[in-house]
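Asks: for reference, the sequence and a predicted model appear below.
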Amino acid sequence: MAFIQTDEYTLRGYECDATGRMSMVALMNLMQESANRNAIAYGIGIADLAEQGFGWMLMRFRVRMHHYPRYGQTIRVITYPTFVEKYFIYRDFRVLAEDGSLLADAASTWLVFSIARRVMVPLPAFIRAMMVPPEVEMLSRLPLKPDFQLNEWEAVSERIVEVGWTSIDQNQHVNNVSYVQWLLEAVDRKTLLSRELAEIDVVYRAETHWKDQLRIQWALETTDCIVHRIELDNQHPGEAPKEVLLARSRWRVS
């Protein structure tokens with residue numbers, strides 16, 4: 001069978017930012033909650049994979065905001081898988097207002113890793129056999145390689161973050177939304193006060209764990225776009241920092 005997940009959420013105060021708009025972190029958390037529920041319906045939830053020694057890992061996630069909902073509004077999150085291949089499964093999201101207008105959409109790419117070896121593995125047969133819903137609205141699949149990069153000399157700002165216990169998920173690594181929170185909090189004050197996030201495209205390179213030291217960097221690509229990078233800072237002496245994440249954010253006047 002094929003399953004489309006639809007959930008309604010009424011926005012609470014802690015899911016909104018200082019302007020009263022829903023925060024990107026809250027939106028991504030709700031999207032992933034709906035994705036988890038959809039995976040459970042398919043029999044491929046976190047617990048289902050863990051029983052066979054596997055775990056889910058997000059490889060890429062791009063969210064486009066068309067209109068921000070505000071405190072007290074009810075939104076509808078719709079998600080479903082769109083394509084399954086040997087190593088990757090693709091999933092789309094749509095976020096609708098009560099009147100059915102489109103608030104946001106997102107495309108994502110997921111992989112499976114071995115819990116024992118902590119390495120990517122081909123999708124197990126029981127995942128590759130799943131059916132995707134027919135005749136659904138499909139976003140373009142994200143390319144495996146991004147068209148953006150942050151070079152060492154470009155970084156205009158950086159900060160160090162130590163991974164705390166509350167950032168660790170059931171797969172025993174940092175929850176992917178925590179990274180987005182850290183990179184957004186590193187953005188300059190002027191941008192945060194005068195603009196709103198229109199789009200963010202995140203490429204996850206490697207997992208990190210409790211007590212790791214992460215270097216959060218960013219640089220202006222254009223007047224409207226910022227390129228971000230997160231590196232693992234606590235490597236052995238002489239080793240190059242390990243790249244954990246790349247991202248590009250696009251901002252518009254709020």
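Replies: Now that the structure is in, tell me what you want to look at.

Asks: enumerate every residue touching Arg62.
Replies: Residues counted as contacts of Arg62 (CB atoms under 8 Å, 6 or more residues apart in numbering) are 106-108, 142, 199-202. Just so you know, the C-beta spots here come from the backbone N, C-alpha and C atoms, and that holds for glycine as well.

Asks: and of the residues you listed, the nearest to His209?
Replies: Val202 (18.8 Å; CB to CB).

Asks: can I assume that closest one is in contact with Ala247?
Replies: Yes - the pair formed by Val202 and Ala247 meets the contact definition of CB atoms under 8 Å, at 4.5 Å.

Asks: picking up where we left off before, now tell me which of the contacts of Arg62 the prediction trusts least.
Replies: Comparing pLDDT over those, Leu142 scores lowest. The value there is 92.

Asks: does that residue count as helix, strand or coil?
Replies: Applying DSSP: H, G, I helix; E, B strand; the rest coil to Leu142 yields a three-state assignment of coil.

Asks: in its sheet, what does the helix or strand hosting Trp56 sit against?
Replies: Under DSSP states H and E, the secondary-structure element containing Trp56 is strand 54-65. Partner strands for strand 54-65, per DSSP bridges, with pairing direction: strand 102-114 (antiparallel), strand 195-204 (antiparallel).

Asks: tabulate those in CSV, adding columns for distance to Ile44.
Replies: Supplementary listing: the strands paired with strand 54-65 in CSV, determined by distance: least, CB to CB, whole Å:
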stretch, distance to Ile44
strand 102-114, 9
strand 195-204, 19
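
Asks: the residue sitting nearest the centre point of the chain and Asn176, how far apart?
Replies: The geometric centre of the chain, computed from its C-alpha atoms, lies nearest to Phe61 (CA atoms, centre = their mean), at 4.6 Å. When distance is defined by CB to CB, to the nearest Å, Phe61 is 7 Å away from Asn176.

Asks: where do the contact lists of these two overlap?
Replies: With CB under 8 Å, 6+ apart, Phe61 and Asn176 have common neighbours 28, 202, 204.

Asks: show me what counts as buried in the strand holding Trp56.
Replies: Neighbour-count burial for strand 54-65, with 16 or more other CB atoms under 10 Å as criterion, is recorded at 54-63, 65.

Asks: quick one: contacts for Leu139?
Replies: Residues counted as contacts of Leu139 (CB under 8 Å, 6+ apart) are 82, 92, 105-107.

Asks: again, only this time at 6 Å
Replies: For Leu139, the contacting residues are 92, 107, taking CB atoms under 6 Å, 6 or more residues apart in numbering as the criterion.

Asks: three-state assignment of it?
Replies: coil.

Asks: measure stretch 147-164 end to end?
Replies: End-to-end span of stretch 147-164 (CA to CA, to the nearest Å): 31 Å.

Asks: off-centre distance for it?
Replies: When C-alpha coordinates are averaged (CA atoms, centre = their mean, to the nearest Å), stretch 147-164 and its chain have centres 18 Å apart.
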